[in-house]
Structure formats: C-alpha cells, structure tokens
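[1] no sequence for this one, just the structure:
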C-alpha cells in the first residue's frame, strides 16, 4: 500500500514538474538550447549535446519530442563510439536514424547551411578483436 502511494505521488510530482517546466521554458529558450546542442554536437562534445537536448525533450510535445529523441540517440551513439562501446553505438544509431527518417531533411535545422563533410562524425570499421576503435578527425 505504501509503495503504491509513493508511486502515485511520484507520478503526480513528475506530471507537475513537466507542466511547470513546459510553461517555464519559452520558445526563445528552447531555440537557444537547441542551437547550443548543435554547437556541442558539431564540436564533437556528444555527451554535452545529448544533455542539453534532453532538457528540451523532457518538456516538448510531439512531433518535436520524437525529433529531439532521434538527435539525442545519435549524440549518445557517437559518445558510446568514442568510449569503445560498439553495441551501444549500433543500437542507438539505428534507433536515432529510424526516428529522424520520419522528418523532412531540414526539420528544425533552420538555415539549411551545409556544414561540410569534414565536420560530420565518422564511423570507421575495425577488425574483430581490436580493443580500441581508431578515431579520425
């Protein structure tokens, strides 16, 4: 009984938290955070990009919620790659790509500027049994 009460209170607190955060995070703040996430991602600070986009994702409504989740999963995938976790990389890349494939090419990315292929993350293959993936920048 006590555990059910705690769970119900936890759900109510979470609902209140989401509603108050959604009201508090204005459009301009979301846009600023989104751009900061892009800056982190393009600077290969994938964990930081994941964290900042997650702040928006927690309070966002669909369809942007799914779009952000796809970006978060890509950032997390590259973070896992840099830490030498190929299983985490593969599963998060697949999930992120599936989510992002539902959206037009330039959804929420604004200016439609080509960042150049040198700025995009790369995934290199490695031989089975190699412990550290090679990183090329």
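    Great, that's in hand. Not measured: the values here are computed from a predicted model. Numbers count the residues shown, from 1 in each chain.
[2] what number of residues lie near the closest residue to residue 99 other than its chain neighbours?
    With C-beta to C-beta, 6 or more residues apart in numbering as the criterion, residue 99 has its nearest non-adjacent residue at 3.3 Å, and that residue is residue 70. To be clear about C-beta, it is placed using only N, CA and C from the backbone, and glycine gets the same treatment. Residue 70 has 21 neighbours, counted by other C-beta atoms under 10 Å.
[3] So residue 70 is in contact with residue 97, correct?
    Yes: applying C-beta atoms under 8 Å, one finds residue 70 in contact with residue 97, separated by 7.5 Å.
[4] ok, back up a step: remind me which helix or strand the residue nearest to residue 99 belongs to.
    When elements are assigned from DSSP states H and E, residue 70 belongs to helix 64-82.
[5] list the helices and strands that helix packs on?
    helix 27-42, helix 46-57, helix 86-100 (3 or more C-beta pairs under 8 Å, 6 or more residues apart in numbering; DSSP states H and E).
[6] could you redo the last one with a cut-off of 6 Å?
    Under the contact definition 3 or more C-beta pairs under 6 Å, 6 or more residues apart in numbering; DSSP states H and E, helix 64-82 sits against helix 46-57, helix 86-100.
[7] Which strands or helices does the longest one pack on?
    For helix 86-100, the contact count by 3+ C-beta pairs under 6 Å, 6+ apart identifies helix 64-82 as packing neighbours.
[8] returning to what we had before: the residue nearest to residue 99 and residue 31, how far apart?
    18 Å (C-beta to C-beta, to the nearest Å).
[9] correct me, but residue 89 touches residue 78?
    No: using C-beta atoms under 6 Å, residue 89 makes no contact with residue 78, being 7.5 Å away.
[10] now residue 54, nearest residue through space, not along the chain?
    With sequence-adjacent residues excluded and distances taken as C-beta to C-beta, 6+ apart, residue 54 is closest to residue 72, at 5.8 Å.
[11] do residue 108 as well
    Nearest to residue 108 is residue 67, by C-beta to C-beta, 6+ apart, at 6.2 Å.
[12] Same check on residue 34?
    Here the residue nearest residue 34, using C-beta to C-beta, 6+ apart, is residue 56, at 6.2 Å.
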